[in-house]
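>>> let's see this in three dimensions:
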Amino acid sequence: MRTTPTRVWALTLLCVLTIAALFGSATVTLNQARDGLTVLGRDAGPQAMATTELYLALADMDAGVADVLLMGTDHDLGSGREAALERYDGSRAQANAALLQAASLTEGDTVEELNVQAVLDGMGVYDQKVSEARLLNDEAQAAPGEVDPDALEAYREATQLMHTELLPKAFNLGLDSSAIVRANHEEGQSTVALGLVWVGVVGVATVAALIGLQLYLRVRFRRRFNAPLLAATAGTVVLTLGVIMALNSSGAHQSDAKDEGLDAAMALARAGAIATDMQADQSRYLADGDFADNYQQVYLERAQQVLFRPASTLTDYYEAIGEIPGAYPNLPGSDGADPDDPGTLGYLGQSAQDSLLPGQEDALAEVLTAYAALQEEDQLMREAAEEEDLAAAIDIRMGVAHAEDGLFPAYTEALGGLIDLHQEEFTAGIDRGDAALSPWTWGLPVGALALLALVVVGVRPRLAEYR
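Here you go, the predicted structure:
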């Protein structure tokens with residue numbers, strides 16, 4: 001280290017090593033960010049959405065069976081018996097597909113794998129019980145709304161299994177899937193944040209090494225500027241800041257995709273699943289008079305999960321929900337004027353409005369209007385039942401569920417449209433995150449090689465003077 005060439009070589013080697021370290025730290029961190037986007041956008045995220053749909057499929061199966069039993073011998077009520085049975089088979093297939101997704105997501109988690117297997121086994125038992133109920137009801141030639149007692153007992157066992165075993169496990173699988181996605185996302189973001197620190201530190205070290213080499217050459221060789229080394233220094237600053245900005249941008253897009261896309265879509269999907277189970281509660285209310293009061297109370301509890309307003313009875317709930325479409329976008333209770341009014345909550349309440357993106361306001365308004373219309377029909381159905389006009393009540397129930405012009409399909413269509421908007425935002429957010437990183441696939445190695453070349457060009461003439 002006593003001679004000038006030795007010192008120049010040492011400083012040059014230091015610059016080369018720091019550039020290599022910058023390239024290495026940036027490469028590792030960029031790859032970690034890409035892996036996070038892949039896991040969220042193409043693996044865990046879509047799988048979690050599929051497991052959320054498991055609850056919907058199971059609830060729809062039970063609703064379909066309740067409708068078939070309620071129809072009795074009149075196979076043309078609503079959309080008809082065949083349509084209800086086809087709906088059951090379709091929901092069964094959807095549940096199987098969702099279970100496969102859940103099994104993939106929970107692989108390695110013994111408890112969750114057991115839950116998946118328990119739901120699968122329970123579906124087999126449920127199938128047997130509802131098949132028995134349908135067979136008994138058909139053999140008894142039961143009239144609409146007058147379910148055969150033995151068939152009703154078999155269905156009670158089936159729906160109890162559904163609501164005490166299958167649906168709770170399915171709901172928990174959806175929540176656990178959300179937790180897995182959240183944990184993966186937070187872990188990935190933390191890892192990338194640490195990588196950002198390393199990129200910044202190594203970038204500063206590289207700039208310091210290049211400046212040190214320039215100062216030494218300036219003092220030792222009495223030359224004011226070394227253009228290649230100045231360019232290398234500026235290039236290092238640009239490269240470091242570029243990588244940091246790309247990582248920050250990609251991370252922000254990934255978070256938006258999760259929060260405004262996936263999480264919002266999953267919450268709305270739960271609203272659709274619970275509302276589907278509410279439809280089954282209506283049919284059970286009409287078909288099973290012994291437990292009608294219980295089904296009515298359960299309906300209110302589920303309705304409050306979908307869209308909450310302070311109400312202790314269905315009559316109060318109908319009135320409170322009826323005010324929402326006209327008040328929107330100012331949701332009742334959101335101003336905090338009444339300390340006893342927590343606001344409009346539930347899956348379709350304030351949280352749904354908060355997750356909206358510009359241009360999505362009308363989509364939520366359509367969902368709220370459709371949901372309020374469902375409550376109006378529910379009120380009419382129960383009024384008819386209380387007046388002992390069972391035929392009218394059944395007509396209202398089957399009209400609501402009619403596949404072509406029923407209010408419930410209109411609600412699910414509106415809700416599905418809003419879910420699609422959030423899923424599109426999820427996909428777009430992942431794509432934007434990928435786009436922020438993609439230029440660095442080739443930009444980083446090209447930039448690092450350019451920096452090395454500039455160092456060589458800057459130092460070589462000075463070393464040549466000692467040959």
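>>> can you give me the helices for the stretch 101-250 of the chain?
Taking DSSP state H, counting those that start in this stretch to define them, one finds helices in the stretch 101-250 of the chain at 110-139, 149-161, 167-221, 227-256.
>>> can you list these in a markdown table and add distance to residue 377 and mean neighbour count?
Where you see a C-beta, it was placed from the backbone N, CA and C, and this is true even at glycine. Formatted as a markdown table, these follow (distance: least, CB to CB, whole Å; neighbours: other CB atoms under 10 Å):
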| stretch | distance to residue 377 | mean neighbour count |
| --- | --- | --- |
| helix 110-139 | 25 | 17 |
| helix 149-161 | 22 | 19 |
| helix 167-221 | 24 | 18 |
| helix 227-256 | 38 | 19 |
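>>> tell me which residues are up against stretch 301-321.
Outside of stretch 301-321, the residues within contact range by CB atoms under 8 Å, 6 or more residues apart in numbering are 271, 274-275, 277-278, 281, 296, 299-300, 324, 332-333, 340-342, 344-349, 368, 371-372, 375-376, 378-379, 382.
>>> mind checking which of those are in helices?
With helices taken from DSSP state H, the overlap with the contacts of stretch 301-321 comprises 271, 274-275, 277-278, 281, 296, 299-300, 324, 368, 371-372, 375-376, 378-379, 382.
>>> just the angle between the lowest-mean-pLDDT helix or strand in the chain and helix 110-139, please?
Least confident helix or strand, the chain: helix 81-105 with a mean of 81, by mean pLDDT, DSSP states H and E. If you take axes from the mean of the first three to the mean of the last three CA atoms, to 10 degrees, helix 81-105 sits at 170 degrees to helix 110-139.
>>> so helix 81-105 versus helix 167-221, what angle?
Per the same axes, to 10 degrees, the angle that helix 81-105 makes with helix 167-221 is 40 degrees.
>>> need the helices of the stretch 101-250 of the chain in a markdown table (columns: distance to residue 360 and mean pLDDT).
Formatted as a markdown table, those follow (distance: least, CB to CB, whole Å; pLDDT from 0 to 100):
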| stretch | distance to residue 360 | mean pLDDT |
| --- | --- | --- |
| helix 110-139 | 33 | 85 |
| helix 149-161 | 36 | 93 |
| helix 167-221 | 21 | 86 |
| helix 227-256 | 14 | 92 |
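>>> circling back: gap between the least confident helix or strand of the chain and the chain center?
In terms of CA atoms, centre = their mean, to the nearest Å, the gap separating the centre of helix 81-105 from the centre of its chain is 20 Å.
>>> show me which residues of it are buried.
Burial within helix 81-105, assessed by neighbour count using 16 or more other CB atoms under 10 Å, is assigned to 81, 83-85, 87-88, 91-92, 94-95, 98-99, 101-103, 105.
>>> same question, stretch 423-437
For stretch 423-437, the neighbour count (16+ other CB under 10 Å) marks 423, 425, 426, 427, 429, 430, 432, 433, 434, 436, 437 as buried.
>>> equivalent analysis for stretch 60-74, please.
Neighbour counts using 16+ other CB under 10 Å place 60-72, 74 of stretch 60-74 among the buried residues.
>>> and residue 281, what is it in contact with?
Residue 281 neighbours (CB under 8 Å, 6+ apart): 295, 296, 298, 299, 302.
>>> among these, who's most crowded?
Neighbour counts for the contacts of residue 281 (other CB atoms under 10 Å) peak at residue 299, which has 22 neighbours.
>>> got a list of what that one touches?
Residue 299 makes contacts with 278, 281, 282, 285, 314, 378, as judged by CB under 8 Å, 6+ apart.
>>> kindly recompute the last result at 6 Å.
Counting by CB atoms under 6 Å, 6 or more residues apart in numbering, residue 299 touches 278, 281.
>>> and what of residue 207?
Contacts of residue 207 (CB under 6 Å, 6+ apart): 233, 236.
>>> ok, the nearest residue to residue 195 once chain neighbours are set aside to residue 356 distance?
Among residues not flanking residue 195 along the chain, residue 29 sits closest, at 3.0 Å (CB to CB, 6 or more residues apart in numbering). Residue 29 sits 33 Å away from residue 356, taking CB to CB, to the nearest Å as the criterion.
>>> more crowded one of the two?
Shown here are residue 29 and residue 356; by other CB under 10 Å, residue 29 has more neighbours (23 against 18).
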